[in-house]
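Q: starting from these lines, generate the structure:
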Amino acid sequence: MKPNVLEILRDLNFTEYEAKAYVTLLESSPLSGYAVSLNSGVPRSKIYEVLSGMVNRGDIMVSQDNTPLYVPLPPHELIAQRKRKAEQIFNVAQETLEQYTASSQNRENIWNISGYEAIISRIQEGIKGAKHRILMEIWKEDAEVFRAALEQVAREGVEIFIVAYGDLNFEFATIYHHDMSEEITSEIGGRWIVLSVDDREVVAGILSLGDDSRAAWTMHPGLVMPITEVIIHDVYIMEIMYEFREELEAKFGPNLIHLRNKFAMGPNGKGYYVPLPEKKA
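A: Presented below is the predicted three-dimensional model:
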């Protein structure tokens, strides 16, 4: 055997034994496993393991006779196969590394998003990229625009949990209806939206001010974690209210209003996160 042929095959990810077996089959085939071992110098104790691996990889083919016979994949097909596999590996590597680079860059940034349409677009993209779970807080007035995207990822196996302010019916999601949507809207001066995707990115902001709507998007763990946990804790409260509403309202008032008032700020005990319009003289 010519040493350079074995070196070329090793460059194609053949082991030494595989290279010897393949060249032997190129020189004479079909051959039994015993004959391949005898002609190639590959030990009989190893030959069937070597040939089996090559069959599984598609480098050689085997008959279904009582005594299996082996033939090599023709060289031009072998090279074409290796090229296709290499291209696939390079394509996957390029896509993965580019995504990793983009993710690494984004993890340390907090991006400001201005305007209703821009916020909607960013949230739609976040939903489409979900793989495992979506957590969301949203008003019914803003929810319908996300129905199709949410339903699509739900069909793909993504779990969806929504704290809804107002009567929202998305049959593909687990919905927790908040009882104080009107009061909260009045207190904060607008409707917020919060999205957490796979515990890796969040979008949070005010969505009810048209072109003046503002939101932040980030993958920064220092914000993703607490914002995600805020949604989860709201879900905890909803679950607890379903089970113990009578006892809790006896202690803290209807819809726990005494707790809200206890921690409110601003005129008349209300906290306005969005500036109120100035009164005309």
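Q: and for Asn13, the neighbour number?
A: Residues within reach of Asn13, counting by other CB atoms under 10 Å, total 13. Yep, even glycine has a C-beta here, placed from its N, CA and C like the rest.
Q: which SS state does it fall under?
A: coil (DSSP: H, G, I helix; E, B strand; the rest coil).
Q: run through the neighbouring helices and strands of the host helix or strand of Thr96.
A: Using DSSP states H and E, the element containing Thr96 is helix 75-106. The contact analysis (3 or more CB pairs under 8 Å, 6 or more residues apart in numbering; DSSP states H and E) places helix 75-106 against no helix or strand.
Q: and that helix, how far from the chain's centre?
A: Centre-to-centre, helix 75-106 and its host chain are 20 Å apart (CA atoms, centre = their mean, to the nearest Å).
Q: what does stretch 12-26 give?
A: 41 Å.
Q: how about that stretch: buried residues?
A: Neighbour-count burial for stretch 12-26 flags Phe14, Tyr17, Glu18, Ala19, Lys20, Ala21, Tyr22, Val23, Thr24, Leu25, Leu26 (criterion: 16 or more other CB atoms under 10 Å).
Q: low pLDDT regions in the stretch 1-150 of the chain?
A: 1-3, 98-108 (pLDDT under 70).
Q: show me where it has its helices.
A: Under the criterion DSSP state H, counting those that start in this stretch, helices of the stretch 1-150 of the chain are mapped to 3-11, 16-27, 33-40, 44-57, 75-106, 116-128, 140-143, 147-155.
Q: quick check: phi and psi at the spatially most central residue of the chain.
A: The chain has Lys131 as the residue nearest its centroid, 3.4 Å off, counting by CA atoms, centre = their mean. Note on Lys131: backbone dihedrals following degrees, to the nearest 10 are phi -120, psi -30.
Q: likewise for Val42?
A: Val42 has phi and psi values of phi -70, psi 130 when expressed as degrees, to the nearest 10.
Q: show me the contacts for it.
A: Residues in contact with Val42 (CB atoms under 8 Å, 6 or more residues apart in numbering) are Tyr17, Lys20, Ala21, Val36, Val50.
Q: mind listing what the nearest residue to the last one once chain neighbours are set aside touches?
A: Just to be clear, that refers to Val50. Nearest non-adjacent residue to Val50, counting by CB to CB, 6 or more residues apart in numbering: Tyr17, 4.7 Å away. Tyr17 is in contact with Ser40, Val42, Lys46, Ile47, Val50, counting by CB under 8 Å, 6+ apart.
Q: equivalent analysis for Asn39, please.
A: With contacts defined as CB under 8 Å, 6+ apart, the neighbours of Asn39 are Thr24, Glu27, Ser28, Leu31.
Q: now the buried members of these.
A: Counted by 16+ other CB under 10 Å, these give Thr24, Leu31 as buried.
Q: I'd say Val23 and Asn4 touch.
A: No. Judged on CB atoms under 8 Å, Val23 makes no contact with Asn4 at a distance of 11.2 Å.
Q: assign a three-state SS to Gly157, would you?
A: With three-state DSSP as the basis, Gly157 sits in coil.
Q: per-residue confidence at it?
A: In this model, Gly157 is scored at 95, pLDDT.
Q: now swap in Arg260 and tell me
A: Arg260 carries a pLDDT value of 76.
Q: how many other residues sit next to it?
A: Each residue near Arg260 was counted by other CB under 10 Å, and the total is 18.
Q: quick check: phi and psi on it?
A: Arg260 adopts backbone torsions of phi -60, psi -40, taken as degrees, to the nearest 10.
Q: and if you look at the one 3 residues further on?
A: Torsion angles at Phe263 (phi, psi; degrees, to the nearest 10) stand at phi -110, psi 10.
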